[in-house]
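S.K.: sequence and predicted structure, then a few things I'm wondering about:
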Amino acid sequence: MRFFLPKENGFFTLFKKINDAQKEIAQLLKDFASHFPDGDEYEKKAKDIERQADAVAHEIIDTLNRTFITPFDREDIYLLTNELDDIVDLIENVIHNVGVYAVISKREEFDQFADLIIEASQALGKLLDHFQELKKTDLLTKSKIYIHELEDKGDEIFCKGLHTLFTNEKDARTLIQWKDILEDLENVMDKYQKVSDIIESIVVKTS
Amino acid sequence: MRFFLPKENGFFTLFKKINDAQKEIAQLLKDFASHFPDGDEYEKKAKDIERQADAVAHEIIDTLNRTFITPFDREDIYLLTNELDDIVDLIENVIHNVGVYAVISKREEFDQFADLIIEASQALGKLLDHFQELKKTDLLTKSKIYIHELEDKGDEIFCKGLHTLFTNEKDARTLIQWKDILEDLENVMDKYQKVSDIIESIVVKTS
Amino acid sequence: MRFFLPKENGFFTLFKKINDAQKEIAQLLKDFASHFPDGDEYEKKAKDIERQADAVAHEIIDTLNRTFITPFDREDIYLLTNELDDIVDLIENVIHNVGVYAVISKREEFDQFADLIIEASQALGKLLDHFQELKKTDLLTKSKIYIHELEDKGDEIFCKGLHTLFTNEKDARTLIQWKDILEDLENVMDKYQKVSDIIESIVVKTS
């Protein structure tokens, strides 16, 4: 796989920017977990990161529409961009929803998910850092399998958390708040898995 | 942009019919708001409008499949048709759900959304009325920006409404009913925004 | 419509396997309904069937990517495969969720849906059994209409069930559990309808 035509470098620079955004917002979620539920400051920062990522995503699509030769399939660039942008949106949404739903106290699953998301964020970060020179190598295979394992753990935390909630909790507010927040967190892990699958499929096609 | 080939007029006639349907059902929602929650009559009318819009949408897709030369991209006609049809479906669903969920008393957000939806409906209506001769003009830009502003207001009403609900309400039924209805109403505003974006993109491409 | 080129038989063999999976898991749901909510055994079996169906779906997509001549449109094979796989996923999810949500007692709508799903499963099963030699015949038309009627019944059960729930039930847990389970069950019927529509559209295109 050769990505070194001058025109093509633009895409990788832009993907690095979205990569930065997903790493930054994952870290923000982790920091927020330590200050839960005081979210005002984190909500603002999350909104900023989300807007930046959105702007970069628009720039990628614009570049795509003006470029004849792309480093890989147009559809794949489009898909990868949107799914990466979704990661940022979903994490922003988690932080936002804790405030909107007026959540008062934290459940342990929030911390567990924040840790998983940091792990997934770093594994994906490494993949995207090496995207330009990526071949079907150990790094790719290992990272993808690792992200799938994290997603499995997320599934487990989600199901156990929901089960505990519905077994012990009677308060309607708490049930609805945490059912939704756990679902949101699980969706974040799903997205990380999806993005790692897309990257693998791109590398397999172009190598 | 020239849309005056005889064959192509069919599409615009059909789009006007869906436009009528979205305006009619937005007005119906507003009328229903004044008689809330007595929805039987409104539910029936909404179902009728929804079926008519559905039939028109099918006619557009059929026409699309039988027509070689289309006034703009086939994918765009397809997308615009489905999203317009979705507006009607979503509003029908709001009226229907008030009955299904056995909602008893109205919250102020319902009226606020009904007003926003009327505004969005009329702004979109104007765009579609002039669709055939639309160029990248003030009307287009202003209407699109206006619909985006309305959607922002909808977002605000949604978040504030949800926050109030989760802060003050303890009754499980009320929480679930209104969380869903507010989400449905917010989705209607999202669709209006999406349709205005699609129309802009079509006009930009063809002009 | 002629499907008898040697290369093409592979697809029909694979579709028969997914067909078996959807029939098997529909029957499993019905059996589970009689032992509700003791789901451990059924959950495991459902997971097995879901994994098998998933593997077959992957095989179909792989075959698709390696085959030049396909018995019908690639997009249609892709769509049909995913939607059939979704039926299995959704039914697995219903059984799984009864456990996750710690549901204690059954509501009559569960049995009613289990019966509808068996009916839809068998009607679709017959369509897929004769897929290879299917023309626009009575079997196709009748089965499709029948599945649409079943979906209408499902809609009715869903709306009535939700209305009863929100009229009589005050317990937050029960409200949330059954709202979600009824939605899941209704989605299964939607998928059966969608798959029958896809099959009709494929047959119309190729005959």
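M.R.: Yep, it's here.

S.K.: list the contacts for the residue nearest to residue A:151 when sequence neighbours are not counted?
M.R.: Distances taken as C-beta to C-beta, 6 or more residues apart in numbering or on different chains place residue A:193 nearest to residue A:151, at 4.2 Å, with adjacent residues excluded. Where C-beta positions appear, they are placed from N, C-alpha and C, glycine not excepted. By C-beta atoms under 8 Å, 6 or more residues apart in numbering or on different chains, residue A:193 lies in contact with A:147, A:148, A:150, A:151.

S.K.: and the helix or strand harbouring residue A:193 with helix C:172-206, angle?
M.R.: In the assignment (DSSP states H and E), residue A:193 maps to helix A:172-206. With axes from the mean of the first three to the mean of the last three C-alpha atoms, to 10 degrees applied, the angle from helix A:172-206 to helix C:172-206 works out at 30 degrees.

S.K.: pull out the buried residues from helix A:172-206.
M.R.: Using 16 or more other C-beta atoms under 10 Å in any protein chain shown as the test for burial, helix A:172-206 gives A:172-182, A:184-196, A:198-200, A:202-203, A:206.

S.K.: now swap in stretch A:72-80 and tell me
M.R.: A:72, A:76, A:77, A:79, A:80.

S.K.: for the second one, phi and psi?
M.R.: Meaning residue A:76. phi -70, psi -40 (degrees, to the nearest 10).

S.K.: so how far is residue B:141 from the residue nearest to it when sequence neighbours are not counted?
M.R.: Computed as C-beta to C-beta, 6+ apart, the closest residue to residue A:76 that is not its neighbour in sequence is residue A:202, at 5.0 Å. Between residue A:202 and residue B:141 the computed distance is 37 Å (C-beta to C-beta, to the nearest Å).

S.K.: tell me the contacts of the residue in chain A that chain C sits nearest to?
M.R.: Nearest residue of chain A to chain C: residue A:172, at 3.5 Å (C-beta to the nearest C-beta). Each residue near residue A:172 by C-beta under 8 Å, 6+ apart is listed here: B:170, B:171, B:172, B:175, B:176, C:172, C:175.

S.K.: does the spatially most central residue of chain A count as helix, strand or coil?
M.R.: Taking C-alpha atoms, centre = their mean as the criterion, residue A:87 is the residue nearest the geometric centre of chain A, at 3.1 Å. For residue A:87, the assignment made with DSSP: H, G, I helix; E, B strand; the rest coil gives helix.

S.K.: all helices for chain A, in order.
M.R.: Taking DSSP state H to define them, one finds helices in chain A at A:9-35, A:40-66, A:74-100, A:108-129, A:138-168, A:172-206.

S.K.: what sits up against the shortest one?
M.R.: Yep, that's helix A:108-129 we're talking about. Residues contacting helix A:108-129 (C-beta under 8 Å, 6+ apart): A:15-16, A:19, A:22-23, A:26-27, A:29-30, A:32-33, A:36, A:91, A:134, A:139-140, A:143-144, A:146-147, A:150-151, A:153-154, A:157-158, A:160-161, A:178, A:181-182, A:185-186, A:188-189, A:192, A:195-196, A:199.

S.K.: just the buried ones from those residues?
M.R.: Burial by neighbour count, 16+ other C-beta under 10 Å: within the contacts of helix A:108-129 this picks out A:15-16, A:19, A:22-23, A:26, A:29-30, A:32-33, A:36, A:91, A:134, A:140, A:143-144, A:146-147, A:150-151, A:153-154, A:157-158, A:161, A:178, A:181-182, A:185-186, A:188-189, A:192, A:195-196, A:199.

S.K.: can you read off the pLDDT for the residue located most distally from the centre of chain A?
M.R.: Most distant residue from the mean C-alpha position of chain A: residue A:170, 32.1 Å away (C-alpha atoms, centre = their mean). On pLDDT, residue A:170 comes in at 91.

S.K.: for the one 3 residues further on, same thing?
M.R.: Note on residue A:173: pLDDT of 96.

S.K.: equivalent analysis for the one 3 residues further on, please.
M.R.: In this model, residue A:176 is scored at 97, pLDDT.

S.K.: so who does the closest residue to it other than its chain neighbours touch?
M.R.: Spatial nearest neighbour of residue A:176, excluding adjacent residues (C-beta to C-beta, 6+ apart): residue B:175 at 5.8 Å. Residues near residue B:175 by C-beta under 8 Å, 6+ apart: A:172, A:173, A:176, B:165, B:166, B:169, C:172.

S.K.: ok, residue B:175 to residue A:175 distance?
M.R.: 9 Å.
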